[in-house]
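Colleague: sequence and predicted model, in that order:
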Amino acid sequence: MKKLTTALLLSFYFLSACSQPKENMTQKLNLDFEQHYKNFPSKWAGFGNKDYLISVDSVHQKSGKFSAVIENKGNKTDFRFLSIKLPHNYEGKSIRLTGYIKTENVTQGYAGLWLRIDPEIGIDNMSNRGLKGTNDWTACEITLPLKAKDTEEISLGGLLVGHGKMWLDDLKITVDGMELDDPKLKIHPNKVLAAKADQAFDGGSGISFPSLNQSQLQNLALFGKIWGFLKYHHPAIAKGNYNWDYELFRFLPRYLKVKNNQQRDSILTTWLTSYGEVPLCNTCKPIAAHAALKPSLSWMDDAGLSASLKQLLKHIYTNRHQGKQYYIAMHPGVGNPNFTNENAYKEFSYPDAGFRLLALYRYWNMIQYFFPNRQLTDNQWDTVLKAYLPKFIEAKDELAYELAALQLIGEINDTHANLWGGNDKIIELWGSNFAPFKTEFVEDQLVVSAYFNPEFSAKAKLKVGDIITHINGKTVGSLIDSLKPYYPASNRTVMLRDMSANLLRSTGQSIRVNYISDKRKLEHEVPTYDKKNLNMYRWKVDKSQKCYQILDGNIGYVTLGNINKEDIPEIKKLFKQTKGIIIDIRNYPTAFVPFLLGSYFVSEPTAFVKFSIGNPDHPGEFIFRDGTKITSDQNKYQGKLVVLVNENSQSNSEYTAMAFRAVKNATIVGSTTAGADGNVSSIMLPGGLSTTISGIGVYYPDGKDTQRVGIVPDVFIKPTIAGIKKGKDEVLERAIKIIDK
């Protein structure tokens, strides 16, 4: 009987195995893209510029019926990538990702695979060997060393940078030559930190707030500072032994009941000591004597805390955590902050009151300890937390929450900072219809500067050079005053730049404008068009033309708006005998050229920049670091150099302008730039909100700020209304005169 039973069991097993085959890893992870939902690859995520369309394609595939596609449908040179995380960490010496890529007209970038092992163990995105142009199916691969004991997450996918289209298919992952299904492959047991295991408030915080008086608001502001201080300083918390978001929700109900300062300090002291004794730190260093920015902890002395609570906080500061942290790391090679393990809580589009408070606390403390330009904000950062408590706690709906977050982001006065994602209700409020012409602030007036679509000019009626005075009955000046809190920017000029792009935006089919044309005051109902039907741009670049030419008078001209690294040797050769070169950076460079092109203008190593880098071992401290010098290519150009800039020159544009400013015979011409430089760092907030900050400080070699200041021209000139009417480029004309002189 036993033999029969065993035989029957075996037969059932094999029948089951034959009728229901085991799903292999290719199917489980959808590495062949055969699974899809609403034309998007199932189990995959997309990150980056949403003008890049991700879909599946049944026409072009390496094998099977489908491949994945990434295509840049917009005008901006940016990136987007497909991403998936591996389900396990694996024992082995190396991991290899292989796959096939097909491309079509990929320019100003590349298409490639990418593989990343976190935290900061290894990354390869094929940036130095990606596919360009048009290619049939091409085998690609990436291999990275494995460090199983240090690995927390392995992610991978495909990436498109620049313009064009790529197809991706037949991905395969192996560890030491073994596929992920191989029974000989060992899975490394990851240590699950308590910070990740704690799911107590996944369904909501359960926090509700009473009507708050000034004393309670003051206490909540103090608590937000203590909560953030502990997050980055207390060893047990910094290591990830606690889900610090959820510890906030555990403690807050008790804290809201305190009646006086004595009770407040007592409950805070008990709470702090519950996380264990903080051992003495033998490696903690004092503030660096020449720090670019020092920690700001004066609130400990100014809050009227009891002596015992203040002593406890200062003991934690003196013996703060050293080494790897759970909630913060620094991007390798650059040093801008990487805010790790921050849950965006995307499932709550309108998070409850506790999560809204968490958003404020999280952002305020990120800026407090890891924003290099904290001291340059218009409003003292220490006061911002209390001021925004009512806005976040009382936000009545999703729109109010998004607007509160946008205003808060504006408080850091950083053009890199905006509400880049999760702002669905704001976009819905603004609408997706635009007037068919571009406007700019010229001579402090809103002026029609060009038509996105000239074929719509007859219906729109306004002419280039016309001045708009009212929009839907409101003066342009009053609109500026009411909207400026919602336009984060380093300076007023760039705020007006960004605002001008939205003032003639609507949910309706038209916008009523009052305007001045040829000295006549007129009124017209301007038709609006969906953005996808307009050829909108910030700066116009003719990508069909070369980025360089010789102007009349034997003057070389280069625009960086469509430059490629391959253009630089030809530029140096062609422009050698010209009497001057104009480099136009009133745009965003499509290639990184400070050193490749800068070497043409110097005869010896030349410094042009220094940085400040944050220090996780001493949160709030930023240390100066010298930047790389421009070295000569021994073929120095002998003529004059003029560089053109304006408010469209931002970040990489400003960094490039700084490099050329260091050239002895260079002249910067134009108007003040955007005042936001340095590598950006991403921030996620509850409700799926996303934003960025300038993550490193950028200075001239003598230590002078560039943030908010921008690159100030040697010769200041801006377009005039008269010049715009005549179609003149007055900035370029001045540059030509400088060289001719």
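Modeller: Perfect, thanks for sending it. Residues are numbered from 1 along each chain as shown.
Colleague: neighbouring strands of the strand ranked longest in the chain in the sheet, and parallel or not?
Modeller: For the chain, the strand with the greatest residue count under DSSP state E is strand 94-118. Take DSSP bridges as the rule and strand 94-118 pairs in its sheet with strand 122-124 (antiparallel), strand 131-145 (antiparallel), strand 153-175 (antiparallel).
Colleague: can you tell me which of those is most buried?
Modeller: strand 153-175 (a mean of 23; mean count of other C-beta atoms under 10 Å). C-beta: built from backbone N, CA, C; applies to glycine.
Colleague: rounded mean pLDDT for the helix or strand following that one, please.
Modeller: Note on strand 153-175: by DSSP states H and E, the next helix or strand toward the C-terminus is strand 178-179. The average pLDDT within strand 178-179 is 92.
Colleague: just checking, what packs against the helix or strand that strand 178-179 is followed by?
Modeller: Downstream of strand 178-179, the next assigned helix or strand under DSSP H and E is strand 187-188. Strand 187-188 sits against strand 89-90, with contacts defined as 3 or more C-beta pairs under 8 Å, 6 or more residues apart in numbering; DSSP states H and E.
Colleague: name the helices or strands packed onto the strand it packs on?
Modeller: strand 153-175, strand 187-188.
Colleague: what's that strand in contact with?
Modeller: The contact list for strand 89-90, computed with C-beta atoms under 8 Å, 6 or more residues apart in numbering, reads 146, 148, 151-154, 175, 180, 185-188, 190.
Colleague: could you give me the ChimeraX syntax to select whichever of these are buried?
Modeller: The following ChimeraX line selects those of the contacts of strand 89-90 that are buried, judged by 16 or more other C-beta atoms under 10 Å:
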select :146,148,151,152,154,175,180,185
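Colleague: out of the contacts of strand 89-90, who's nearest I585?
Modeller: E153 (38.2 Å; C-beta to C-beta).
Colleague: what's the local residue count around the residue nearest to T340 when sequence neighbours are not counted?
Modeller: Spatial nearest neighbour of T340, excluding adjacent residues (C-beta to C-beta, 6 or more residues apart in numbering): A329 at 5.3 Å. For A329, the count of nearby residues is 17 (other C-beta atoms under 10 Å).
Colleague: give me the three-state assignment for the closest residue to L685 other than its chain neighbours.
Modeller: Nearest residue to L685 in three dimensions, chain neighbours excluded: A359, at 4.4 Å (C-beta to C-beta, 6+ apart). At A359 the chain is in helix, as set by DSSP: H, G, I helix; E, B strand; the rest coil.
Colleague: hang on, the earlier thing: please identify which of the strands paired with strand 94-118 is closest to E647.
Modeller: The closest of the strands paired with strand 94-118 to E647 is strand 153-175. By C-beta to C-beta, the value is 24.3 Å.
Colleague: and after the helix or strand hosting L389, which helix or strand comes next?
Modeller: In the assignment (DSSP H and E), L389 maps to helix 381-393. Once the chain leaves helix 381-393, the next helix or strand it forms, by DSSP H and E, is helix 398-410.
Colleague: helices or strands next to the helix or strand that that following helix is followed by in the packing?
Modeller: On the C-terminal side of helix 398-410, the closest following helix or strand by DSSP H and E is helix 424-430. Helix 424-430 is packed against helix 398-410, with contacts defined by 3+ C-beta pairs under 8 Å, 6+ apart.
Colleague: direction included, what does the helix or strand hosting V643 pair against?
Modeller: Per DSSP H and E, V643 falls inside strand 640-645. Take DSSP bridges as the rule and strand 640-645 pairs in its sheet with strand 580-584 (parallel), strand 666-670 (parallel).
Colleague: could you give the mean pLDDT of stretch 401-417?
Modeller: Rounded mean pLDDT across stretch 401-417 is 98.
Colleague: equivalent analysis for stretch 452-461, please.
Modeller: Mean pLDDT, stretch 452-461: 96.
Colleague: count the neighbours of the nearest residue to T559 once chain neighbours are set aside for me.
Modeller: Closest residue in space to T559, ignoring its immediate chain neighbours: D584 at 4.3 Å, by C-beta to C-beta, 6+ apart. When neighbours are counted by other C-beta under 10 Å, D584 registers 25.
Colleague: possible to save the strands paired with strand 94-118 as TSV with mean pLDDT?
Modeller: Shown next, in TSV, are those (pLDDT from 0 to 100):
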stretch	mean pLDDT
strand 122-124	90
strand 131-145	95
strand 153-175	94
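Colleague: pipe these into TSV and attach distance to T269 per row.
Modeller: Shown next, in TSV, are the strands paired with strand 94-118 (distance: least, C-beta to C-beta, whole Å):
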stretch	distance to T269
strand 122-124	43
strand 131-145	47
strand 153-175	37
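Colleague: and those strands: which comes nearest M499?
Modeller: strand 153-175 (27.9 Å).
Colleague: count of neighbours near the closest residue in space to Y401 that isn't next to it in sequence?
Modeller: Leaving aside its chain neighbours, Y401 sits nearest to A395 (4.1 Å; criterion: C-beta to C-beta, 6+ apart). Per other C-beta under 10 Å, the neighbour tally for A395 reads 20.
Colleague: OK, contacts around A395?
Modeller: Residues near A395 by C-beta under 8 Å, 6+ apart: 356, 401, 403-404.
Colleague: repeat for D444
Modeller: So D444 contacts nothing (C-beta under 8 Å, 6+ apart).
Colleague: now the one 3 residues further on
Modeller: Taking C-beta under 8 Å, 6+ apart as the criterion, V447 is in contact with 439-441, 465-468, 721, 724.
Colleague: using the three-state scheme, assign it.
Modeller: strand.
Colleague: name the SS class of the closest residue to G727 other than its chain neighbours, please.
Modeller: In space, G727 comes closest to V464 once its chain neighbours are excluded; the distance is 7.6 Å by C-beta to C-beta, 6+ apart. Following three-state DSSP, we place V464 in the coil state.
Colleague: quick check: which ranges of the chain have low pLDDT?
Modeller: Low-confidence regions of the chain, defined by pLDDT under 70, span residues 1-23, 120, 190-191.
Colleague: could you pull up the contacting residues of E342?
Modeller: By C-beta under 8 Å, 6+ apart, the neighbours of E342 are 327, 362, 683-684.
Colleague: can you put those residues in JSON lines and add distance to C140, neighbour count and secondary structure?
Modeller: What follows is the contacts of E342, written out as JSON lines (distance: C-beta to C-beta, whole Å; neighbours: other C-beta atoms under 10 Å; DSSP: H, G, I helix; E, B strand; the rest coil):
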{"residue": "Y327", "distance to C140": "34", "neighbour count": "22", "secondary structure": "coil"}
{"residue": "R362", "distance to C140": "38", "neighbour count": "26", "secondary structure": "helix"}
{"residue": "I683", "distance to C140": "32", "neighbour count": "22", "secondary structure": "strand"}
{"residue": "M684", "distance to C140": "30", "neighbour count": "19", "secondary structure": "strand"}
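Colleague: kindly reformat those as CSV containing distance to T493.
Modeller: CSV is the format used below for the contacts of E342 (distance: C-beta to C-beta, whole Å):
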residue, distance to T493
Y327, 36
R362, 31
I683, 25
M684, 30
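Colleague: just those residues now: which is nearest N502?
Modeller: Using C-beta to C-beta, I683 comes nearest to N502 of these, at 22.7 Å.
Colleague: about what we covered before: how far away is the residue nearest to Y401 from I412?
Modeller: Distance, A395 to I412, using C-beta to C-beta, to the nearest Å: 20 Å.
Colleague: what's the answer for S42, then?
Modeller: To I412, S42 is 39 Å away according to C-beta to C-beta.
Colleague: which of those two has more neighbours?
Modeller: Between S42 and I412, counted using other C-beta under 10 Å, I412 has the larger neighbour count: 25 against 13.
Colleague: give the contact list for the more buried one.
Modeller: I412 touches 367, 371, 373-374, 377, 381, 488, 693, counting by C-beta under 8 Å, 6+ apart.
Colleague: between the helices and strands packed on strand 89-90, which one is closest to G670.
Modeller: So among these, strand 153-175 is nearest, using C-beta to C-beta, at 26.4 Å.
Colleague: run the chain-centre distance for the closest one.
Modeller: From the chain centre to the centre of strand 153-175 is a distance of 21 Å (C-alpha atoms, centre = their mean, to the nearest Å).
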